[in-house]
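>>> here is the input, now give the coordinates:
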Amino acid sequence: MGQIDKEKKIIEVKGLKTHFHLHDHTVRAVDGVDFHVRAGETLGIVGESGCGKSITSMSIMGLVQSPPGKNEGGEILFHGEDLLKATNARMRQIRGNKISMIFQEPMTSLNPVYTVGFQISEVLMLHQNMSKEEALAESERLLDLVGISDPHERVHEYPFQLSGGLRQRVMIAMAMACQPEILIADEPTTALDVTIQAQILHLMKDLKETQNTATIFITHDLAVIASFTDRVMVMYSGVCVESAPVKELFKNHMHPYTEGLLSSVPVLGEGKYDEKGERRFLKTIEGSLPDPRNYPKGCRFAPRCTKVMEKCHQSEPSLVLHGEDHEVRCFLYSDEIKMAGE
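Residues are numbered from 1 along each chain as shown. You can find the predicted model right below:
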């Protein structure tokens, strides 16, 4: 691989809004998200279940079912081309070729009636114009690349014959088949035990470094974020509340929600009792996510925030820039720093 421009933005998401219009209400799942991913970079997206992480990724891939899903605004710029305006034919050219995705549960993503070799070959024949024989040979090479032993035999096996870890490796092989510029991984290790999880993460890290693939890694696991990503975007109720380089976020986090997430992680080595002899309890964020059908007026985190102010209930804060690459959506900092993008 040649040198890449690490400052080049491969994809830019601006003001993305993806809503679901049901018979008696509208769910504002993603409600104005902004972020970018640079060449060869891994962006981690973290937040509670229901915050809009997966819908953001599905919007990028053009996989949101319509109806009821509908784009209500924003842009998804891939090398300057707005994917939200692309035709279905154009998205089929991009999906799986230039932008690939690894889903959370491979058993629901792999077709149970076709061999894994056929399913990988299908991608190669569609996007790389390979013959059936060439595609099968390349499928064997890809299975070997992702650490699956006896690839010559495995290509003829069905998904149900493989363990969860092997199925996930097959999904990675399919996603990397066309050497995509962007890989989206939506909680790819959630259903795996910790040993297999570590192997999969190590594999993805190696593939990223050897193929210079930009990665969007969606997870709720902060330990994975700390070890695997370059930058982090924290989502809450359909919006970005903080974004920063991973070391900066863990060391100098600014948003009260980010502080709550980090405080809720158990610390290895801490005993059951503190220095005063009092029992330690796991810290939690009180309350729950607001109803996406009816977000509260003002800051969406205000009902749960320990640092809430009066104006937090009156208007919604903007995403503001702190330093060169640290953005935060909070009135605690809005008077000190300029708005992002200005």
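>>> how far off centre is stretch 310-328?
22 Å (CA atoms, centre = their mean, to the nearest Å).
>>> end to end, how far does it reach?
Using CA to CA, to the nearest Å, the end-to-end distance of stretch 310-328 comes out at 19 Å.
>>> in it, what counts as buried?
Cys312, Glu316, Pro317, Leu319, Val320, Leu321, His322, His326, Glu327, Val328 (16 or more other CB atoms under 10 Å). Glycine gets a C-beta too; all of them are placed from N, C-alpha and C.
>>> again with stretch 57-68
Ser57, Met58, Ser59, Ile60, Met61, Gly62, Val64.
>>> quick one: contacts of the helix or strand harbouring the third one?
Counting by DSSP states H and E, the element that carries Ser59 is helix 53-61. Applying CB atoms under 8 Å, 6 or more residues apart in numbering, the set of residues contacting helix 53-61 from outside is 11, 13, 16, 18, 29-30, 33, 45-47, 64, 69, 71, 76, 83-84, 91, 95, 99, 101, 184, 186-187, 216, 218, 235.
>>> now it: mean pLDDT?
Here helix 53-61 scores 93 as its mean pLDDT.
>>> next helix or strand past it?
That would be, after helix 53-61 and using DSSP H and E, strand 69-78.
>>> what helices and strands are in contact with that next one?
Using 3 or more CB pairs under 8 Å, 6 or more residues apart in numbering; DSSP states H and E as the contact test, the elements touching strand 69-78 are strand 9-21, strand 26-38, helix 53-61.
>>> hmm, 6 Å instead?
strand 9-21 (3 or more CB pairs under 6 Å, 6 or more residues apart in numbering; DSSP states H and E).
>>> low-confidence stretches in the stretch 1-150 of the chain?
Scanning the stretch 1-150 of the chain for pLDDT under 70 picks out the ranges 1-6, 106.
>>> what about 80?
1-7, 104-108 (pLDDT under 80).
>>> so the helix holding Ser59 versus strand 26-38, what angle?
If you take axes from the mean of the first three to the mean of the last three CA atoms, to 10 degrees, helix 53-61 sits at 70 degrees to strand 26-38.
>>> and helix 53-61, how far out from the chain's middle?
For helix 53-61, the distance to the chain centre is 8 Å (CA atoms, centre = their mean).
>>> show the contacting residues for Ile172.
Ile102, Val146 (CB atoms under 6 Å, 6 or more residues apart in numbering).
>>> quick one: pLDDT of it?
87.
>>> mind telling me what element it is part of?
With DSSP H and E as the test, Ile172 turns up in helix 164-176.
>>> alpha carbons of that helix, as CSV, please.
The C-alpha coordinates for helix 164-176 follow below in CSV (Å, rounded to 0.1, in the frame of the first residue of the first chain):
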residue,chain,number,x,y,z
GLY,A,164,-20.1,-17.9,16.4
GLY,A,165,-16.5,-16.8,16.2
LEU,A,166,-15.9,-18.4,12.9
ARG,A,167,-19.1,-17.0,11.5
GLN,A,168,-18.0,-13.5,12.5
ARG,A,169,-14.6,-14.1,10.8
VAL,A,170,-16.6,-15.1,7.6
MET,A,171,-18.5,-11.8,7.9
ILE,A,172,-15.2,-9.9,8.1
ALA,A,173,-13.8,-11.8,5.1
MET,A,174,-16.9,-10.8,3.1
ALA,A,175,-16.7,-7.2,4.2
MET,A,176,-13.0,-7.0,3.3
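>>> that's all I had, so thanks and see you.
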